[in-house]
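Trainee: Sequence plus the predicted model coming up.
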Amino acid sequence: MNSERQKREEEIERIKRGTTLSREQEAAFQEEIKKAAATIVEQETERIQKSEQTKRPKRLMSPTTIGLWLLGLGAVLTFSIPGLGGTLIVCGIAMIVWATFLKPSKKSFKSFRK
């Protein structure tokens, strides 16, 4: 550790005096800077990816809840507008059936994404 610190101090002194490094020393110094910068960028990228993982937003209502609302609304509207009420009841039943029986599994969705 002392040798690293000593090298840095010597480098600072050279910069203060205005002396330049030899071509080999300058190339080695630039290579070290590139490696350090690449390491910093990789670490930042990993940190950002961990903190900003894409999370699916929660749904406000599930499909089953929507189906139940459609059933209730259809039942109410059946008395005043029978055509619309019946359509809403059918849509509500279809939504509930879709939510409970025809919903794709998470396993098949993961294999589809790859």
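Mentor: The structure has been received and is ready for your questions. Numbering: from 1, shown residues only.
Trainee: CA only for contacts and neighbour counts going forward, please
Mentor: OK.
Trainee: Look up the pLDDT of Arg59 for me, please.
Mentor: pLDDT recorded at Arg59 is 64.
Trainee: same question, Ser22
Mentor: 70.
Trainee: mind checking how far it is from Phe29?
Mentor: As judged by CA to CA, to the nearest Å, Ser22 and Phe29 stand 10 Å apart.
Trainee: now do Val90
Mentor: Val90 is 74 Å from Phe29, by CA to CA.
Trainee: Can you mark which positions in the helix or strand containing Gly67 are buried?
Mentor: With secondary structure defined by DSSP states H and E, Gly67 is part of helix 63-78. For helix 63-78, a neighbour-count test (16 or more other CA atoms under 10 Å) marks 63-64, 66-68, 70-75, 77-78 as buried.
Trainee: Run the chain-centre distance for the host helix or strand of Arg14.
Mentor: Arg14 is part of helix 2-17 when elements are defined by DSSP H and E. Relative to the centre of its chain, helix 2-17 is centred 43 Å away, using CA atoms, centre = their mean, to the nearest Å.
Trainee: Stretch 12-19 too?
Mentor: Worked out by CA atoms, centre = their mean, stretch 12-19 lies 46 Å from the chain centre.
Trainee: With stretch 25-35 instead?
Mentor: For stretch 25-35, the distance to the chain centre is 35 Å (CA atoms, centre = their mean).
Trainee: what mean pLDDT does it have?
Mentor: Here the average pLDDT along stretch 25-35 is 82.
Trainee: in the helix of greatest length in the chain, what counts as buried?
Mentor: Counting residues, the longest helix in the chain under DSSP state H turns out to be helix 23-51. Within helix 23-51, no residue is scored as buried using 16+ other CA under 10 Å.
Trainee: any low-confidence regions in the protein?
Mentor: 1-2, 18-21, 53-59, 103-114 (pLDDT under 70).
Trainee: okay, now the domains of it?
Mentor: Domain ranges of the chain: 2-51, 63-113, per automatic domain parsing.
Trainee: Apart from its neighbours in sequence, what residue is nearest Leu77?
Mentor: Among residues not flanking Leu77 along the chain, Gly85 sits closest, at 4.6 Å (CA to CA, 6 or more residues apart in numbering).
Trainee: Nice, that's everything, thank you.
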